[in-house]
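**Student:** Sequence and predicted model, in that order:
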Amino acid sequence: MPLDAICLSAVKTELSKKIIGARIDKISQPEKDLLIVSLRGRSETWRLLISCSSSDMRVHFTEHRYQNPTSPPMFCMLLRKHLIGAGIISINQPPAERVLEFLFRAPDALGTVTEKRLIIELIGNSSNIILVDNEEIIIDCLRRIGGDISKKRAVLPGLKYHYPSPQEGKIVPMAVTPAVWRKLYDECRQDTAEKWLGTAFSAFSPLICREIAYRAYGDCDIRVTDINDNGAALQREFLLLMDFVNKELFQPWSIENADNVSRDFSYTCINQYENSLKLIKNDSFSSMLDKHYTKNSQLARMRQLSSATVKTVKTARDRIIRKTIAQRSELLESSKRETLRENGDIITANIHLMKVGQKILIAEDFFSDGLMREISLDPRLTPSRNAAKFYKAYNKAKNAEIFLTVQLDNAEREILYLESVLEAIALAESEKDIEEVRRELVQTGYIKDKSPRGTKNKPSAITPMRFMSSTAIPIFAGRNNLQNDILTMKTAFKSDFWLHAQKIHGSHVIISCRTGEPDEKTLYEAAVIAAFYSSARNDGKVPVDFTLVKNVKKPPGGRPGMVTYTGYKTIIAAPDEGLVNSLRI
């Protein structure tokens with residue numbers, strides 16, 4: 001993992017400079033393997049994230065907001081009992097280990113001030129958070145590991161705490177001398193320099209092993225047998241990096257792709273990717289880790305949550321589309337109904353010449369210029385019943401046209417609605433947004449309601465997006481169709497201004513000006529917001545309609561988010577993420 005022991009040491013150094021002396025204000029456990037500790041200093045507050053998930057274990061400050069469960073887990077309650085109000089004395093790390101130890105001083109249940117340690121072990125599937133008293137006895141831990149699970153070390157309340165065993169056969173690199181390095185290199189049995197570095201030394205991630213090889217020979221995958229200088233360049237780069245680490249000259253570098261998504265990070269500048277990826281120097285390790293892990297894990301959870309919803313919506317949409325194709329074909333056939341009526345008229349005109357059991361009638365077609373028409377008959381029916389059969393088919397086709405036209409109109413509206421739901425999912429910014437979309441689909445009957453009794457039809461827990469224009473006028477934007485309806489039809493004043501991207505799916509935007517018209521700058525900024533939160537957010541220019549809220553109406557039986565409006569004008573706006581984010585509050 002990129003967060004190796006040395007990178008964790010850089011995080012520890014950064015945290016120590018800020019939170020030594022701070023006190024714990026709040027503790028929450030929004031997820032099974034995640035703690036958020038709110039810290040209060042003399043003039044500043046921080047939110048410390050501690051994750052023991054095997055996929056994204058880390059410790060850093062975070063700006064991300066998590067939704068807490070309705071009732072806190074038992075481990076969270078225990079930490080609150082022992083640590084709320086406690087002051088941080090120090091943060092320590094065993095050499096070359098992915099373990100951080102927070103030392104606290106706090107009064108116990110009897111009021112006696114004692115020291116406690118919160119030990120965070122970031123070691124793969126065995127990652128843990130352990131609370132230890134001043135006598136090294138484990139008070140409790142996030143994961144209880146008994147002897148039946150791990151033969152090496154049990155971690156249970158009441159047992160004495162022991163540090164994890166160091167990696168066997170590996171040397172701590174920070175104290176390696178040139179002589180030790182030479183001995184290890186001469187004994188090398190690995191095929192590539194990267195593999196040898198990873199096998200011989202602890203605290204190195206594969207990224208750093210490749211980087212040392214690249215700095216030495218310009219090749220991340222160079223084989224030991226291809227090294228011509230007996231490892232002199234490799235030794236030089238290794239010792240230079242260790243000198244950099246021992247002097248704590250850490251720098252938070254992230255590696256991003258063309259879409260500005262963080263792919264990797266390190267405590268030193270990484271050159272091995274050359275120009276294929278971007279190198280970004282961050283302000284701090286916490287901001288770098290928050291961006292890399294929190295944003296990426298959030299995107300992963302969002303994809304996981306939204307994939308099932310997207311599949312449900314697309315299945316419903318595609319089913320309606322297939323149905324409309326069949327209905328259009330049937331409507332096309334019904335448009336030929338006049339031929340059925342004409343056949344009935346020709347049979348009636350020639351009924352005196354026909355016989356029972358006749359299969360074909362060839363008679364003059366008085367609907368054309370003297371041509372003859374051949375009409376197939378049912379020999380089991382009398383001539384008059386054959387005529388009645390054609391008249392009945394004509395009336396059926398006539399009624400079908402009326403019915404199918406209505407059905408197709410409804411289907412078109414339903415397809416538009418489902419497309420708007422897909423767009424709402426695509427624009428979702430959090431898991432709550434996805435949950436809101438699912439709640440909407442429950443109300444519209446596309447998803448079965450599996451929520452417990454008492455929670456059905458529960459009001460929305462999230463509010464519309466809020467913005468403040470450059471001239472201090474509030475602007476609101478709906479996150480989904482349900483919220484669009486509430487915002488436009490219930491929350492906004494009739495004298496407020498309403499905006500929406502023209503003829504495409506998007507958010508309802510309200511300028512809360514109450515009386516009078518908004519200034520041109522506010523109107524344009526609101527139009528930019530409407531353009532950005534629409535299906536045209538990646539386009540250059542977007543026409544945005546605006547009118548008074550009183551001119552916006554909900555059509556009878558209209559799906560959520562569907563409205564009609566009159567008396568509107570149009571403004572052209574360019575979606576601008578930077579401007580939108582600067583206005584958001």
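**Tutor:** Structure received. Numbering: from 1, shown residues only.
**Student:** contacts and neighbour counts: CA atoms only from here.
**Tutor:** Noted.
**Student:** where does residue 348 land in three-state SS?
**Tutor:** helix (DSSP: H, G, I helix; E, B strand; the rest coil).
**Student:** Low-confidence ranges, the protein, go.
**Tutor:** Flagging of the chain using pLDDT under 70 yields the residue ranges 1-2, 147-151, 297-299, 450-461, 515.
**Student:** what's the single longest helix in it?
**Tutor:** Secondary structure of the chain read by DSSP state H shows that its longest helix is helix 383-426.
**Student:** Does anything pack onto that helix? Which helices or strands?
**Tutor:** The criterion is 3 or more C-alpha pairs under 8 Å, 6 or more residues apart in numbering; DSSP states H and E, and the helices and strands that helix 383-426 contacts are helix 296-334, helix 337-349, helix 431-443, helix 481-486.
**Student:** show me where the stretch 1-150 of the chain has strands.
**Tutor:** Taking DSSP state E, counting those that start in this stretch, the strands of the stretch 1-150 of the chain run over residues 23-31, 34-40, 45-51, 58-61, 87-92, 99-107, 113-121, 128-132, 138-141.
**Student:** how about those strands in CSV, adding distance to residue 178 and mean neighbour count?
**Tutor:** Converted to CSV, the strands of the stretch 1-150 of the chain look like this (distance: least, C-alpha to C-alpha, whole Å; neighbours: other C-alpha atoms under 10 Å):
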stretch, distance to residue 178, mean neighbour count
strand 23-31, 44, 20
strand 34-40, 42, 21
strand 45-51, 37, 21
strand 58-61, 33, 24
strand 87-92, 28, 19
strand 99-107, 28, 20
strand 113-121, 31, 20
strand 128-132, 36, 24
strand 138-141, 41, 21
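**Student:** Domain boundaries for this protein, per the record?
**Tutor:** Partitioning the chain according to automatic domain parsing yields domains covering residues 5-141, 330-416, 465-583.
**Student:** Distance to residue 445 for those domains - can I get that in a markdown table?
**Tutor:** Written out in a markdown table, the entries for the domains of the chain read as follows (distance: least, C-alpha to C-alpha, whole Å):
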| stretch | distance to residue 445 |
| --- | --- |
| domain 5-141 | 27 |
| domain 330-416 | 12 |
| domain 465-583 | 11 |
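**Student:** between these, which gets nearest to residue 304?
**Tutor:** Of all the domains of the chain, domain 5-141 sits nearest to residue 304, with 15.0 Å by C-alpha to C-alpha.
**Student:** tell me the most buried of the helices and strands packed on helix 383-426?
**Tutor:** helix 481-486 (a mean of 21; mean count of other C-alpha atoms under 10 Å).
**Student:** Please enumerate residues in contact with it?
**Tutor:** Contacts to helix 481-486, defined as C-alpha atoms under 8 Å, 6 or more residues apart in numbering, come from residues 420-421, 424, 437, 440, 463-464, 477-478, 507-508, 560-562.
**Student:** Kindly indicate which of the residues you listed lies nearest residue 212.
**Tutor:** Nearest to residue 212 among these, with distances taken as C-alpha to C-alpha, is residue 424, at 46.0 Å.
**Student:** What residues does the nearest residue to the closest one once chain neighbours are set aside make contact with?
**Tutor:** Nearest-residue entry for residue 424: residue 480, 5.5 Å, with adjacent residues in sequence omitted and distances by C-alpha to C-alpha, 6 or more residues apart in numbering. Going by C-alpha under 8 Å, 6+ apart, residue 480 touches 421, 424, 433, 436-437, 507, 561.
**Student:** I'd like the distance between residue 480 and residue 433.
**Tutor:** To residue 433, residue 480 is 8 Å away according to C-alpha to C-alpha, to the nearest Å.
**Student:** can you put the helices and strands packed on helix 383-426 in CSV and add distance to residue 196?
**Tutor:** Conversion of the helices and strands packed on helix 383-426 to CSV gives the following (distance: least, C-alpha to C-alpha, whole Å):
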stretch, distance to residue 196
helix 296-334, 31
helix 337-349, 83
helix 431-443, 43
helix 481-486, 57
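**Student:** Relative to residue 536, which of these is closest?
**Tutor:** With C-alpha to C-alpha as the criterion, residue 536 lies closest to helix 481-486 of the helices and strands packed on helix 383-426, at 16.9 Å.
**Student:** Let me have that closest one in CSV, keeping just the CA atoms, if that works.
**Tutor:** As requested, C-alpha coordinates have been extracted for helix 481-486 and formatted as CSV (Å, rounded to 0.1, in the frame of the first residue of the first chain):
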residue,chain,number,x,y,z
ASN,A,481,-37.0,15.4,-8.9
LEU,A,482,-38.7,15.2,-5.5
GLN,A,483,-36.6,18.1,-4.2
ASN,A,484,-37.3,20.1,-7.4
ASP,A,485,-41.0,19.7,-6.8
ILE,A,486,-40.8,20.8,-3.1
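**Student:** so how far is that helix off the chain centroid?
**Tutor:** With C-alpha atoms, centre = their mean, to the nearest Å as the basis, helix 481-486 stands 21 Å off its chain's centre.
**Student:** for stretch 467-483, same thing?
**Tutor:** Once both centres are worked out by C-alpha atoms, centre = their mean, stretch 467-483 turns out to sit 22 Å from its chain's centre.
**Student:** before we move on, what about stretch 197-207?
**Tutor:** Averaging C-alpha positions (C-alpha atoms, centre = their mean) puts stretch 197-207 33 Å from its chain's average.
**Student:** Contacts for that stretch, please.
**Tutor:** By C-alpha under 8 Å, 6+ apart, the list of residues contacting stretch 197-207 from outside reads 1-6, 96-98, 167, 169-173, 184, 194, 209.
**Student:** and if you look at stretch 247-254?
**Tutor:** Stretch 247-254 is contacted from outside by 10, 244, 262-270, 279-285, 288, using C-alpha under 8 Å, 6+ apart.
**Student:** hmm, which of those residues are the buried ones?
**Tutor:** Members of those that pass the buried threshold by neighbour count (16 or more other C-alpha atoms under 10 Å) are listed as 10, 262, 264-270, 279-281, 284-285, 288.
**Student:** re earlier: can you redo the contacts of helix 481-486 as JSON lines with distance to residue 117?
**Tutor:** Output for these, formatted as JSON lines (distance: C-alpha to C-alpha, whole Å):
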{"residue": "420", "distance to residue 117": "52"}
{"residue": "421", "distance to residue 117": "49"}
{"residue": "424", "distance to residue 117": "46"}
{"residue": "437", "distance to residue 117": "43"}
{"residue": "440", "distance to residue 117": "47"}
{"residue": "463", "distance to residue 117": "40"}
{"residue": "464", "distance to residue 117": "42"}
{"residue": "477", "distance to residue 117": "46"}
{"residue": "478", "distance to residue 117": "46"}
{"residue": "507", "distance to residue 117": "49"}
{"residue": "508", "distance to residue 117": "51"}
{"residue": "560", "distance to residue 117": "53"}
{"residue": "561", "distance to residue 117": "53"}
{"residue": "562", "distance to residue 117": "57"}
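**Student:** Just among these, which is most surrounded?
**Tutor:** Counting neighbours by other C-alpha atoms under 10 Å, the top entry in the contacts of helix 481-486 is residue 507, with 31 neighbours.
**Student:** Spit out the contact partners of the nearest residue to it once chain neighbours are set aside.
**Tutor:** Counting by C-alpha to C-alpha, 6+ apart, the nearest residue to residue 507 once its immediate chain neighbours are dropped is residue 478, at 5.2 Å. With C-alpha under 8 Å, 6+ apart as the criterion, the residues that contact residue 478 are 464-465, 484, 487, 507-509.
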